[in-house]
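# I need the structure of the sequence given here:
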Amino acid sequence: MRAAPEDLQAALRALRAGELVAFPTETVYGLGADARNPAAVRRIFTVKGRPARHPVIVHLSDASHLADWAREIPPAARRLAEQFWPGPLTLVLPRAAGVDDGITGGQDTVALRVPAHPIARQLLAAFAGGIAAPSANRYGRLSPTCAKHVREEFGDAVKLVLDGGDCPIGLESTIVAFGDDGARLLRPGRITAGQIRALLGELAVGADESSPRVPGSTAAHYAPSTPLHIVPAGQIDARSAALSQGGQRVAVLAWRAPLGAHPAVTWINAGPRPQQYGHDLYAHLRSLDKAGCACILVQEVPDSEAWSAVRDRLRRAAVGAATDASISAAS
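Modelled structure (predicted):
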């Protein structure tokens, strides 16, 4: 899959002029700007409504450019890059001189990734520079996994979207930071803690007081507008039936079919395979968000490493949707 030459040239002109370009990666669509142009980077924050303290990831064409952005690259970080790049892994390293505060959220670290999607790689190679790109959605909302999602989210606010079809993975990258205490996993993704430990031996999981802020690390994130509640696996049928009594419409995202008929329930069976569930997660939540239901009930997913990225996104979505509901009620 490659971008048409005229689309690629239009994207390059836009980036060099300080404009924003949405493009596909293997994880989700990114909203990109020239990472060496502070004004362009600020436009990302303005368009997304993103807090200035929330850092963004710089996408590179290959690992040879790491030293342009990071002043220290531990051997363990190089091993991860050799093993998993191009791919869904972000490394957080001490930033090099000249890296804009807008990218780092004012921190002394920078998040870097070499994506695997062929259109992203085509764009980065032709641009010959870093592209700062968080997910192409309003801050805190559901990430986009196809070009249609980006257009629905932003309309004319983002004029150029490179269409690469559906993102192959559909969940954001794994984030690993390197500090004085070694490697620390700060956001789960397709690359699991077990895979990283197999390569490095030691890996801390979860943030501590000294951990840098990283994308997607806030308690409320990845949320639909409709209130979302996580329900114990064995209670999903009873809870949806109870809430739908009296005609109240309820949406359900489960990993199996319903045990009985619930006329006022919109039920999506996302299946029991974690990678397919994760691939479809944001598209399913977008569909349920449009169903006009009072709430979205999500069947609790299994407590295993294979489901860790999905559990993380659902937990943050539940907090984000509850926060939005509280704001709406107060308004």
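
# quick one, helices of the chain?
If DSSP state H is used as the criterion, the helices of the chain fall at 5-16, 38-48, 66-69, 75-84, 101-104, 118-127, 147-154, 193-200, 236-244, 274-289, 308-330.

# which stretch in those helices has the least confidence?
When these are compared on mean pLDDT, helix 308-330 scores lowest, with a mean of 77.

# most distant residue from the middle of the protein?
Note on the chain: the largest separation between a C-alpha and the mean C-alpha position, by Cα atoms, centre = their mean, falls on Gly246 (37.2 Å).

# how close does that one get to Ala264?
Using Cβ to Cβ, to the nearest Å, one obtains 8 Å as the distance from Gly246 to Ala264. Yep, even glycine has a C-beta here, placed from its N, CA and C like the rest.

# domain parsing for this structure?
Domain assignment for the chain by automatic domain parsing gives 5-205, 228-330.

# pull the distance from the last one to the chain's centre.
The reference is to domain 228-330. Centroid displacement of domain 228-330 relative to its chain, using Cα atoms, centre = their mean, to the nearest Å, is 19 Å.

# repeat that for the longest one.
For domain 5-205, the separation from the chain centroid amounts to 10 Å (computed by Cα atoms, centre = their mean).

# could I get stretch 30-42 in CSV with only the CA atoms?
Taking Å, rounded to 0.1, in the frame of the first residue of the first chain, the C-alpha atoms of stretch 30-42 are listed here in CSV:
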residue,chain,number,x,y,z
GLY,A,30,-1.9,10.3,13.7
LEU,A,31,-2.3,14.1,13.4
GLY,A,32,1.1,15.2,12.2
ALA,A,33,3.2,18.4,12.1
ASP,A,34,6.8,19.2,11.4
ALA,A,35,8.5,18.4,14.7
ARG,A,36,11.1,21.1,14.1
ASN,A,37,8.5,23.8,13.7
PRO,A,38,7.2,24.9,17.1
ALA,A,39,4.3,26.9,15.6
ALA,A,40,3.2,23.8,13.7
VAL,A,41,3.4,21.7,16.8
ARG,A,42,1.3,24.2,18.7
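
# in space, what's closest to the spatially most central residue of the chain - neighbours in sequence excluded?
The residue lying closest to the centre of the chain (Cα atoms, centre = their mean) is Glu172, at 3.4 Å. Leaving aside its chain neighbours, Glu172 sits nearest to Thr27 (5.3 Å; criterion: Cβ to Cβ, 6 or more residues apart in numbering).

# wait, what's in contact with that neighbour?
Contact criterion Cβ atoms under 8 Å, 6 or more residues apart in numbering gives 88, 115, 167, 169-173, 189-190 as the residues in contact with Thr27.

# also Val298?
228-231, 252-254, 314, 318.

# quick one: which of these is nearest Arg79?
For the contacts of Val298, the residue nearest Arg79 by Cβ to Cβ is Leu314; the value is 31.0 Å.

# what's near enough to touch the closest one?
With contact set as Cβ under 8 Å, 6+ apart, Leu314 has these partners: 228, 230, 281, 298, 301.

# now do 6 Å
Applying Cβ atoms under 6 Å, 6 or more residues apart in numbering, we find Leu314 in contact with 230, 298.

# returning to that earlier point: give me the buried entries from the contacts of Val298.
Among these, the ones that count as buried by 16 or more other Cβ atoms under 10 Å are 228, 230-231, 252-254, 314, 318.

# can you add distance to Asn37 and give those back as CSV?
CSV is the format used below for these (distance: Cβ to Cβ, whole Å):
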residue, distance to Asn37
Leu228, 37
Ile230, 41
Val231, 46
Val252, 45
Leu253, 40
Ala254, 45
Leu314, 36
Ala318, 37
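
# can you give me phi and psi for the residue nearest to the centre of the chain?
Glu172 adopts backbone torsions of phi -60, psi 160, taken as degrees, to the nearest 10.
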